[in-house]
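A.B. asks: Just the structure for this:
(one chain, ligands or ions: 1)
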Amino acid sequence: MTAQTLRFGIIGCGLMAREFASAIQRWAHLPDMDVRPQLVAVADTRPSCLCWFQENFADVRVAVSDYRDLLASSEVDTVYCALPHHLHASVYCDIIAAGKHLLGEKPFGIDLAANERILAALAGRPGVFARCSSEFPFYPGAYQIIRFLQEGRFGRIIEVEAGFWHSSDLDPNKPINWKRQAQFNGEYGCLGDLGMHVLHIPLRFGWMPATVAAVLSKIVTERPDATGRRVPCDTWDNAVLTCEVRTADQRFPLLLSTKRIAPGEMNTWFIKIHGTEFSAEFSTKQPRTLRTMTYRPGRPQSWEVLDLGYQSAYAAITGAIFEFGFPDSILQMLAAFCDELVHGEQMRQPFGCATPQETHQHHLVLTAALEAYRDGRVVNLA
Ligand SMILES: NC(=O)c1ccc[n+]([C@@H]2O[C@H](COP(=O)([O-])OP(=O)(O)OC[C@H]3O[C@@H](n4cnc5c(N)ncnc54)[C@H](O)[C@@H]3O)[C@@H](O)[C@H]2O)c1
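C.D. replies: Below is the predicted model:
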């Protein structure tokens, strides 16, 4: 099959950029794709960050410290941008103005105003395709829950809970970085880091909260800098949101939690959907396990546990019995991005990356959470 090539540039060559580039390198893993990403350009203000890309990617022809030089290159069609949050609005707007397609990292703007700047730039360039990174729905267990939702299996929704929990910040001596400083990470703190991940599936199914109540916690307020001096760590560590979703025919609680300090949790993303006819739960903590319960009147209520294999959104060479992991979720997300960019609504499977409109809805929720906690009240978004 002759595949259409999408020539990618990466701006911001840190942790996520390497993960993303590695997914491009593994493209042969997906045998049926008619589109193929190719990494041709990288940009980072720290030249040392570029070496790994230059050494490992033969097609990288542009390696620059000023991202505007990458944007000026006619070799680049599409940009994956993984920068600290305070740079999202200005750089994403420059990418869009350059007419390049964009896979941006969350939160897609440091705050609501920044997000609205990005959306305004997109409105002015309708030919630019833009999506926001969110890979966890591509885990087989999460993807199966999406299928259940598409099939309308749940009956009336009783409650939905989604969370993303980390624990390494429990260590008070973990050095400070930009993600722990509000000037770079934003006032949202943990909500900006993890909120899009927990909201992607609920928003896709129309569950925009009508009300938001929140409890936010700052637990470790100082951390050592590179010299060992303790400096302020002024971002929210944990956030617990109680929302109500109101659709045309039902109301139900949507419980969201984003935590940097959840003891023992390495990188736990989960979703639980309970309904009157069917319920399903998945957590990356047990990535092979999908729990479901079908309600049968008069019969005992009993959860079933399914051992998942590698049932991915896009067919892969991996044997169906083997385990799926984080790098696989990035690969599947990249496939969804490329597929939707090239085929639009005719993409091969129906679940795409988070849309700019969904990032805006998530900013409305996050901003409401800050307001709700600050004022000690429930914020109405309906
Ligand atoms: N999807 C996910 O699971 C996930 C996980 C972690 C982080 N993220 C997101 O990815 C983004 C980046 O996070 P990260 O963990 O990769 O951060 P990082 O600190 O590892 O990398 C950021 C890179 O940007 C570079 N940089 C800074 N200013 C620059 C500029 N003006 N021009 C070019 N390069 C510049 C830095 O030198 C660094 O290499 C953030 O939006 C973050 O929220 C997403």
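A.B. asks: from here on, contacts and neighbour counts on C-alpha atoms
C.D. replies: Will do.
A.B. asks: give me the residue from the stretch 251-382 of the chain nearest the ligand.
C.D. replies: The ligand sits closest to residue 330 of the stretch 251-382 of the chain, with a gap of 8.1 Å, by C-alpha to the nearest ligand atom.
A.B. asks: Give me the local confidence score for that residue.
C.D. replies: We have a pLDDT of 98 for residue 330.
A.B. asks: surely it meets residue 20?
C.D. replies: Yes: counting by C-alpha atoms under 8 Å, residue 20 is a contact partner of residue 330 at 6.8 Å.
A.B. asks: ok, the two, which is more surrounded?
C.D. replies: residue 330 (24 against 20; other C-alpha atoms under 10 Å).
A.B. asks: For that one, which three-state class applies?
C.D. replies: For residue 330, the assignment made with DSSP: H, G, I helix; E, B strand; the rest coil gives helix.
A.B. asks: who are the neighbours in contact with it?
C.D. replies: By C-alpha atoms under 8 Å, 6 or more residues apart in numbering, residue 330 lies in contact with 19-20, 23, 135.
A.B. asks: roughly how far apart are the residue of the stretch 251-382 of the chain closest to the ligand and residue 302?
C.D. replies: 34 Å (C-alpha to C-alpha, to the nearest Å).
A.B. asks: cool, and residue 377?
C.D. replies: Computed as C-alpha to C-alpha, the residue 377 to residue 302 distance reads 38 Å.
A.B. asks: Give the next helix or strand downstream of whatever helix or strand residue 51 lives in.
C.D. replies: Using DSSP states H and E, residue 51 maps to helix 51-56. Going down the chain from helix 51-56, the next helix or strand is strand 62-64, by DSSP H and E.
A.B. asks: Next, the buried residues of the helix or strand following that following strand.
C.D. replies: Using DSSP H and E, the next helix or strand after strand 62-64 towards the C-terminus is helix 67-71. Neighbour counts using 16 or more other C-alpha atoms under 10 Å place 67, 70-71 of helix 67-71 among the buried residues.
A.B. asks: how about residue 284, what does it touch?
C.D. replies: 139, 267-270 are the contacts of residue 284 under C-alpha under 8 Å, 6+ apart.
A.B. asks: What are the phi and psi values at it?
C.D. replies: Note on residue 284: backbone dihedrals following degrees, to the nearest 10 are phi -70, psi -10.
A.B. asks: which one is whatever residue of the stretch 151-300 of the chain ends up closest to the ligand nearest to, not counting chain neighbours?
C.D. replies: Here the residue of the stretch 151-300 of the chain nearest the ligand is residue 193; by C-alpha to the nearest ligand atom that distance is 5.0 Å. What sits nearest to residue 193 in space, not counting adjacent residues and going by C-alpha to C-alpha, 6 or more residues apart in numbering, is residue 107, at 6.6 Å.
A.B. asks: Let me know the secondary structure of that neighbour.
C.D. replies: Under three-state DSSP, residue 107 comes out as coil.
A.B. asks: Then residue 146?
C.D. replies: helix.
A.B. asks: Residue 120 versus that one, what's the distance?
C.D. replies: 30 Å.
A.B. asks: ok, back up a step: against residue 230, how distant is the residue nearest to residue 193?
C.D. replies: Taken as C-alpha to C-alpha, the span from residue 107 to residue 230 is 28 Å.
A.B. asks: quick one, which of the two is more surrounded?
C.D. replies: residue 107 (29 against 15).
A.B. asks: so that one touches residue 190, yeah?
C.D. replies: No: using C-alpha under 8 Å, residue 107 makes no contact with residue 190, being 10.6 Å away.
A.B. asks: those helices in the stretch 1-150 of the chain, which residues are they?
C.D. replies: For the stretch 1-150 of the chain, applying DSSP state H, counting those that start in this stretch gives helices covering 15-25, 51-56, 67-71, 88-97, 112-124, 140-150.
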